[in-house]
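1. could you look at this predicted model? Sequence included:
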Amino acid sequence: MLPIQVIGSLNIDMTVLLPRFHLPGETITGMDFRIYPGGKGGNQAVAAARLGANVHFVGMLGEDDNGAFYVRVLTEAGADVSGIGKTGEAASGIALIEVDKTGENRIVVVPGANALADDTHVRYHQEKLPDKKICMLQLEIPVYTCMEAARRAHANGDIVILDPAPAIHLPDSFLQNVDFITPNEGELARLTGMPAGTMDNIQAAAHALIGRGVKHVVAKLGANGCLYVDRERMLHSPGFRVDVVDTTAAGDSFNAGLAYAVANNYPIEEALRFANAVGAVSTTGAGAQSAMPTQEDVEKLMARGSRDY
């Protein structure tokens, strides 16, 4: 199995459960409030480690209680935390998350120390792991840092997996260093400027990314699984039926499942199905990392089978 180096964000998630999303200017009463470790980078690292991957994290935290808490969380999950820097110039990042009773969520992120994850710090820790590996990136740290990390990883022969969230326009010079890009439908539309409301739309937008240099597009479709597109073929991998409690970090769990499968050289059909299962199981509990599955959890769901929604 290839090691997985996650380069990205660490946030503390402040999550409130609501009966419904409120209107502008409206005050409603929440049903519950919890604090969880989160951030797309941290979520993906914990999810991959929980599956049994050899995970190395690179990022930044503040010199505060939240930062110390997050180091303990990652260490307990089994991730190598030697790539985490500490700064006194900003607090650790936070995310404010609303979850309605159907499990849907709305999220606001305050980057804090994540914005100080500069290229010098990341380059040093990439060079400390010179052998081939999986490089997982997101867009919650500075984009220039991500671009340079992808460039170095590609030059090193690493497999680069980019979760393009929050979605922004990305130059072709960035995309050409990406092996797998994993947008959801909204992110795919923002990345390409094309509609993504139907399977035909999604396929066309995915081909546009392939034309700009990405090798493999894996469009995340929620309960409908995912759509894989490369230069030769298109493959729809259906989702799994589960009782949804909270969809927070389902996409991060999916990415971790995909990285784990690629690190273990799964055939693409098996890799997509495994990633779908990891993402699905993660929605059956509250919070982000607290609901992320073990290998055993995933295998149980996969044994039950999937269906096309």
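-> Everything's here; your move. Numbers count the residues shown, from 1 in each chain.
2. sheet partners, orientation included, of the worst-scoring helix or strand of the chain on mean pLDDT?
-> The weakest-scoring helix or strand in the chain, judged by mean pLDDT, DSSP states H and E, is strand 105-110 (a mean of 88). Strand 105-110 has its sheet partners listed here by DSSP bridges as strand 93-99 (antiparallel).
3. list the buried residues of the partner strand.
-> Within strand 93-99, the residues scored as buried using 16 or more other CB atoms under 10 Å are 93-95, 97-99. Just so you know, the C-beta spots here come from the backbone N, C-alpha and C atoms, and that holds for glycine as well.
4. which intervals of the stretch 201-309 of the chain have sub-threshold pLDDT?
-> Applying pLDDT under 70 to the stretch 201-309 of the chain picks out residues 305-309.
5. for it, which segments count as helices?
-> 250-263, 268-282, 295-304 (DSSP state H, counting those that start in this stretch).
6. can you get me a residue count around Arg231?
-> By other CB atoms under 10 Å, the residues close to Arg231 number 9.
7. next one: stretch 88-108 to chain centre, how far?
-> Centre-to-centre, stretch 88-108 and its host chain are 15 Å apart (CA atoms, centre = their mean, to the nearest Å).
8. repeat that for stretch 111-126.
-> How far stretch 111-126 lies from its chain's middle: 18 Å, per CA atoms, centre = their mean.
9. could you pull up the mean pLDDT of it?
-> Mean pLDDT, stretch 111-126: 98.
10. what does it contact?
-> Residues outside stretch 111-126 that contact it (CB atoms under 8 Å, 6 or more residues apart in numbering): 5, 7-11, 39, 56, 58-62, 67, 82-83, 85, 87, 89-94, 135, 140-142, 144-145, 148-149, 152-153, 156.
11. show me those that map onto strands.
-> Cross-referencing these against strands under DSSP state E gives 5, 7, 11, 56, 58-62, 82-83, 85, 87, 93-94, 135.
12. now that we have these, which of them are buried?
-> For the ones in strands among the contacts of stretch 111-126, a neighbour count by 16+ other CB under 10 Å gives the buried set as 5, 7, 11, 56, 58-62, 83, 85, 87, 93-94, 135.
13. need the nearest residue in space to Lys101, chain neighbours excluded.
-> Using CB to CB, 6 or more residues apart in numbering and skipping residues adjacent in sequence, the residue nearest Lys101 is Pro19, 5.6 Å away.
14. now do the same for that neighbour: its pLDDT.
-> For Pro19, the model assigns a pLDDT of 96.
15. coming back round to it: of the ones in strands among the contacts of stretch 111-126, which pair is most distant in space?
-> Farthest-apart pair in the ones in strands among the contacts of stretch 111-126 is Ile94 and Cys135; separation 25.8 Å (CB to CB).
16. and the most centrally placed residue in the chain, what is it in contact with?
-> Closest to where the C-alpha atoms of the chain average out (CA atoms, centre = their mean) is Asp252, at 3.0 Å. Counting by CB under 8 Å, 6+ apart, Asp252 makes contact with 40, 43-44, 47, 163, 282, 288.
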